[in-house]
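Chemist: sharing a sequence plus its predicted fold:
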Amino acid sequence: MKIIFKINYKSIWGQMLCICGGHELFGDWDPEKGQPMLYLGNDDWVLEMEVPQGLAFSYKYFVREANGYILWEGGQKRQLTNSDFEIMAIRDRWHPEHDPSRVMHSKVFTEVIMKPERLFTQTVKTKSSSIIRFCMRAPRVGIGFGLAIIGDGKSLGNWKKPILMGNKNYPVWQVDFDVSIQKFPLEYKYVIVDLATNLISDWETGHNRVLNEENTVVSDSLFVVNDENFNYPPNNWKAAGVAVPVFSLRSNESFGVGEFNDIRKLVDWCVKTGMKMIQILPINETVATHSWLDSYPYKSISVMALHPMFLHLPAMGKINNKTLQEEFDSIGNELNGLQQVDYVAVTRAKARYFKIIFDQNWEKVKKSTAYQLFFAENKEWLLPYAAFCRLRDLYKTSDFRQWEGFAVFDPTKIEDYCDPRQSYHEHIAVHYFQQFHLDLQLKEAVAYAHKHGVCLKGDIPIGISPNSIEAWTEPHLFNLNAQAGAPPDDFAFMGQNWGFPTYNWDEMARDDFAWWRKRLNAMEKYFDAYRIDHILGFFRIWEIPMDAVQGLLGYFKPGLPMNAGEIEDWGLWFDTERFTKPYIRGHFLYDFFGDYTDEVRLKYLNETDFGVFELKEVFNTQRKIYDYFSPDQTKTELDMKGITIRDGLLGLLNEVLFIKDPYATQSAYHPRIALHYTYSYRDLDEQKKDRLNELYIHFFYKRHEEFWKWHAMAKLPSIVASSNMLVCGEDLGMVPDTVPEVMHALDILSLEIQRMPKNPRIEFGHPSDAPYLSVCTTSTHDMSTIRGWWEEDRERTQRFYRHTLGHNDMAPYYAEPWVCHEIINQHLHSVAMWTIFPIQDLLALDGNLRWDETEKEQINVPANPENKWRYRMVISLEELIEADDYNSMLKGMVHIAGRDTDY
C-alpha cells in the first residue's frame, strides 16, 4: 500500500519537517530515525512511502533544526487506521505547541459534558473506487447537536443543506464522499446542527475552507482530510462549579461526616442550579495516629487507598443483630446532629461497624466476581497497604522504622504476611473489604454524576506522609531527611512546614516518572479533572531542614546557592559568624519575651559577650525547642507564658541572614527568605543593607527563572500526558515568572483569586482580567470565606468596597447577601473557563441558608499546623435541594452569565 502524507508548515531556512511514530518504518518514536519529508513549495511538505497493507500506528510531526534541535508539534499523538485501499493520502494540519481549544479534548468534555447521547456512522453511498473522507476533531458539540459539512456542489449540499457527519470515533467526526463527483478547488465549511431538526445552529466563522488536491485523487484510493479547530462564533465556552470537601457534606443519611453516597444529592443540587463541576479535597487514606491529627487530608498514608471514613454504612449491608444495628443508628443520629465533624468519634464508630459487617459478610463478598476482579486489578498496592495498616495497629505507630523485622520493606515477606492461611488474616482482609466497598461506592457516585452531566474534580497533594506506604515501600523516590513546605505568603507569615519528605526527582526520572503516572491513572478511575496542589513544587520545592519547625529557615531546591566569593562580588563582605549564626542581642530580647525576659536569659540562653547571647545546647534547634514545649500525657496545653517563650525562642533561631546549603560540596549559602523583618538585618549599616537588598532581589526573582523552568519541563510534560483529565494548577504564593509560561504551554489552567492577584502592584484583582484557561474563585479551603475576610480588616474591606465593587458610601460591617451577590456575580461574568465557588460563599447569598458562626466556615488555617479539619455544612443537602427560591436565583445568575450553554 502506498501512503502519502501532506501537511502545510511555514518553515525557515535550514529546517526539515519529519514524521515519527510507533512503527519501525517511522522510527519507533526515535526522532533520529524519523522519516524526512520533501518540500514542494508554498509551505507544502509531502512524504510518499510503501507500507504493509492495513498498517495502523500512531504518529506525530516534528521539525529538525539545522543544529539538530528537535521541535515536536503539540497535542496528542495522531492515529492512522488500517485501510484496504491501494493508495491512502492524508492531508494533515500542524498542531501548534499551544492551543487553548485542546483542553476541550479532556474527559471533562469528551466523557461527561459534551459526550454524545449516541454514536453513529455517516457514509454517503458511492460506486466509485475512490473516497474522500472529511475528518474534523471537535469535542465541543453539545448533547443533542451534531457536526455537519456544507459547501460547493450537490454532494456538499450546495451551501443549503448540511451533510451530517458520523461521530463513531468521537471527538472526531467524519463523513465519506464519492471523489468522482467532486470538483476542485472545493470550498466548504463545518456547521453545528440540531439533531432533532437537522437545522443549522451555528456556522463556523472566518473564510471558507479550501481544498485543492485534484492531483492527489486517483483510482482505488482513500483521501483523508484531517481538519482541526472548528472556528466557533465569539464567546468561549464557560461553566460554573462548586467546591466542597466530601467530609463537609451533610445529609439526613450520613453518619456524622459526608460520605460518597452524599455526592449523589450534591449532583441533584448541581442540576437544579446549573453547576457542571464538583471540586473536592483529597480523599485518600490518612489514618496514622487514630487521632484528630489524621483529619488533615493532605498527609496521606497511601496515594492509592481511599479513606474508610467516606463509606456509607447501609450500602455495605445492615447488621443482622437488630440491637446492634439500632445502637449504630442511634450513634449515627447523634453524630449527624453535631455542627462540625467529630473526626475521632466518627472514625472509631465506623471502625467498629466495619469489623462487624466484615465478620458477617466477608465469606460471601470474597467469592463474588466483582471483588475478585477488584483484588486482581489492585493487588500490587492492596497487599502493602493492608499489611501497613495491620502493622500500624499492632505496633501502635505508623512509624515503620519501629516495626522490628518489618522496618525495611521486603515484598516477599509481605506476600507471606498477607497469606490467607495466616491465623491473623482477618486483620489484613478487613482492609481489602473496606477498599472494595469504597471503590464501589465512589464509582457509583461518579456514574450518577456523569449521567447528569456533572464532572468531578479531585485534588492531588504535592506530598506524602513520611510515615506512609510509599515512604516504606519506595524510599529511594523520596528525600526522607528533609521536609517540604512553603515560604512566607498571604496564607502564613512564618512560612509553612508540611512535614512531607521531598521528592528524589532524579530517581523518579529513571523510569519516566512511573510513580506519578501510576498515581494519576488511579485517580482517573474516579475523576475527570484534578487540581495539582502547589504546582510550584514541580519547579522547585521549599525544603526545610529536619531540625527546623518553621518555614523561614528553608531554601529552594533545586537551587543555585552562592559561595562567599560570589556574595562578596555584590559588595558585601561575607562574615560567616555574623550572617549564618542566630543574631541574639540583649537590646531586643524584651521585644520577644516581654516580662519573661529575665527568666529566658537565665534558663535558655548563654551570654558569650556583653549583650551577646546564644541558645543553650539543649535549645539550639527549633525541633528541640518545639519538643520541649510540646504537651504530652503529663502536660496540659501550653498557657500564654509557655507560648510566648516557645515562640520567642523559635524566633531567635530565625535571626540569620544566610542559610548554608546542605548539598553543596563546598560552602555555599541561600539568603534567608524575608530577612528584612529580622533584627539582624535592621542592625546592619545602610551600605550593607543596600548591597544585601540587591543580592536578595537577584537571588529570589532573577537568578533561578530559566533554571526552574528547565526542571519543570523535565517533569511536567510526561506526568500531565499520562492521563486525559483536565489539569488545573494551584499557582499561588511566591510564583516565578516562568510558571505561567510553562502552564500555558502545557494547557494547565491557572487559579485566579481576587484577593491574591498575580500582579504585585495591585491590591485586588478583577475577575474580568482572568485568562480564559483558568479557574476563577472567591476563596479556597486555605482562606477565610467572603464573609470571614470581610470582617478581618475594615480599612481593606472599605478599599475593596469602593474600588472593586464601585460604591461611594461606607461598607456594611458584615458581608450582607447583596454584597456577596455582587462579588459572586463579578466572578460569574469573568472570561475564565471555570468559576468554582466554595459552598460557604454560595450559601452566603441567602440570609436564611448561611451559617451565623462565620469564623467556623474556614476549613484550614495554614499558619496552624495543628488545624482541625472539621467544617460541615450547617444545612442538609435535602434542605438545600428544596430551597426553590434560592436555587432559582442561583441558576438565573449562572444563566445570565452564559455559563450554562449547550456548547
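Modeler: Nice, I can see it. Numbers count the residues shown, from 1 in each chain.

Chemist: tell me which element residue 688 is part of?
Modeler: Under DSSP states H and E, the secondary-structure element containing residue 688 is helix 686-701.

Chemist: who does that helix touch, helix- and strand-wise?
Modeler: Contact analysis of helix 686-701 by 3 or more CB pairs under 8 Å, 6 or more residues apart in numbering; DSSP states H and E lists strand 669-671 as its packing neighbours. Any C-beta I mention is one placed from the backbone N, CA and C, and that applies to glycine too.

Chemist: break the chain down into its structural domains.
Modeler: Here the chain is described, according to automatic domain parsing, as comprising the domains 2-228, 240-473, 474-559+704-748, 560-695.

Chemist: residue 59 is in what secondary structure piece?
Modeler: Residue 59 is located in strand 57-64, with elements delineated by DSSP H and E.

Chemist: so what strands line up beside that strand?
Modeler: Partner strands for strand 57-64, per DSSP bridges, with pairing direction: strand 16-21 (antiparallel), strand 70-72 (antiparallel), strand 78-80 (antiparallel).

Chemist: show me where the stretch 401-550 of the chain has strands.
Modeler: Applying DSSP state E, counting those that start in this stretch to the stretch 401-550 of the chain gives strands spanning 455-460, 478-486, 496-503, 529-532, 541-545.

Chemist: so who does residue 587 touch?
Modeler: The neighbours of residue 587, taking CB atoms under 8 Å, 6 or more residues apart in numbering as the test, are residue 611.

Chemist: that one - that's part of a strand, no?
Modeler: No - remark: residue 587 does not belong to a strand; assigned using DSSP: H, G, I helix; E, B strand; the rest coil, it is helix.

Chemist: now for residue 202: which residues touch it?
Modeler: 191, 192, 232, 233.

Chemist: again, 6 Å this time
Modeler: For residue 202, the set of contacting residues under the criterion of CB atoms under 6 Å, 6 or more residues apart in numbering consists of 192, 233.

Chemist: center of the protein - which residue?
Modeler: The geometric centre of the chain, computed from its C-alpha atoms, lies nearest to residue 531 (CA atoms, centre = their mean), at 1.7 Å.

Chemist: so how far is residue 279 from it?
Modeler: Between residue 531 and residue 279 the distance is 7 Å, computed by CB to CB, to the nearest Å.

Chemist: where's the nearest residue to residue 489 once chain neighbours are set aside, which helix or strand?
Modeler: If you skip the residues right next to it in sequence, residue 489 has residue 733 as its closest partner in space, 4.3 Å away by CB to CB, 6 or more residues apart in numbering. Secondary structure assigned from DSSP H and E places residue 733 in neither a helix nor a strand.

Chemist: ok, so what distance separates residue 733 from residue 139?
Modeler: Distance, residue 733 to residue 139, by CB to CB: 33 Å.

Chemist: of the two, who's got more company?
Modeler: Between residue 733 and residue 139, counted using other CB atoms under 10 Å, the more crowded position is residue 139 (25 against 17).

Chemist: who's in contact with the more buried one?
Modeler: Taking CB under 6 Å, 6+ apart, we find residue 139 in contact with 104, 105, 109, 110, 114, 171.

Chemist: which residues sit in contact with the last one?
Modeler: To tie it back to what came earlier, the one meant is residue 171. Residue 171 touches 110, 137, 139, counting by CB under 6 Å, 6+ apart.

Chemist: circling back to that earlier point, look up how far residue 751 lies from the residue nearest to the centre of the chain.
Modeler: According to CB to CB, residue 531 and residue 751 sit 8 Å apart.

Chemist: any residues in contact with both of the two?
Modeler: residue 730.

Chemist: for residue 210, what are phi and psi?
Modeler: The phi and psi torsions at residue 210 (degrees, to the nearest 10) take the values phi -130, psi 130.

Chemist: run through the bridge partners of it.
Modeler: Under the criterion used here (DSSP bridges), residue 210 is bridged to residue 187.

Chemist: how much space separates it from residue 8?
Modeler: Going from residue 210 to residue 8 by CB to CB gives 12 Å.

Chemist: if residue 145 is in a bridge, with which residues?
Modeler: The residues that residue 145 bridges to, once DSSP bridges is applied, are residue 194.

Chemist: do the one 4 residues further on as well
Modeler: Under DSSP bridges, the beta-bridge partners of residue 149 are residue 163, residue 190.

Chemist: correct me, but it touches residue 164?
Modeler: No - applying CB atoms under 6 Å, one finds residue 149 not in contact with residue 164, separated by 8.5 Å.

Chemist: more neighbours: these two, which one.
Modeler: residue 149 (25 against 17).

Chemist: list the contacts for the more buried one?
Modeler: For residue 149, the residues meeting the contact criterion (CB under 6 Å, 6+ apart) are 134, 163, 188, 190.

Chemist: pLDDT value on residue 768, please?
Modeler: For residue 768, the model assigns a pLDDT of 96.

Chemist: if I look at the nearest residue to it once chain neighbours are set aside, how far off is residue 245?
Modeler: Here the nearest residue to residue 768 in space, its sequence neighbours aside, is residue 830; by CB to CB, 6+ apart that works out to 6.0 Å. Remark: distance between residue 830 and residue 245 (CB to CB) = 24 Å.

Chemist: likewise residue 175?
Modeler: Between residue 175 and residue 245 the distance, using CB to CB, works out to 46 Å.

Chemist: mind checking which of the two has more residues around it?
Modeler: Set side by side, residue 175 and residue 245 show unequal neighbour counts under other CB under 10 Å, the larger going to residue 245 at 25 against 22.

Chemist: wait, the more buried one touches residue 283, no?
Modeler: No - in this structure residue 245 lies outside contact range of residue 283 using CB under 6 Å: 8.7 Å.

Chemist: if anything else comes up later, I'll come back, but that's it for now.
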